[in-house]
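Chemist: what follows is a predicted protein model with its sequence.
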Amino acid sequence: MEKLSIEKIKTALAAVPDWKKKGATIARTYQFKDFPAAIKFVNAVAELAEQAWHHPDIDIRWNKVTLVLTTHDAGGLTKRDFVLARKFDALSLRRIHRMG
């Protein structure tokens, strides 16, 4: 997979506005009602990541889950990172609507 140019990264970030570029990665923190809800989200993230064979770094802090994406093989951000970020965002929205 080809590493994206700075201009393509800027365009791709516009489609995932809650994600922030940090060096050669993009990161987002999701917040849930409690720890079990956060863990359910992480389990669903793990399933999507396995299907895509592209795995984020995951940090869990009680009801907050931070995901960090980069394509290590390419040495930076690729289209795969942004595709997966959109899938994680959609997954988060489904989880939030079920909680409400």
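Modeler: Cool, the structure landed.
Chemist: run through the neighbouring helices and strands of the helix ranked longest in the chain.
Modeler: Longest helix in the chain by number of residues (criterion: DSSP state H): helix 79-99. Applying 3 or more CB pairs under 8 Å, 6 or more residues apart in numbering; DSSP states H and E, we find helix 79-99 packed against helix 6-14, strand 25-31, helix 35-52, strand 64-69. Bear in mind the C-beta positions are built from the backbone N, C-alpha and C, glycine included.
Chemist: and with 6 Å instead?
Modeler: Judged by 3 or more CB pairs under 6 Å, 6 or more residues apart in numbering; DSSP states H and E, the packing partners of helix 79-99 are helix 35-52.
Chemist: the helix or strand just after the helix it packs on vs strand 64-69, what angle?
Modeler: Beyond helix 35-52 on the C-terminal side, the first helix or strand identified by DSSP states H and E is strand 57-61. With axes from the mean of the first three to the mean of the last three CA atoms, to 10 degrees applied, the angle from strand 57-61 to strand 64-69 works out at 170 degrees.
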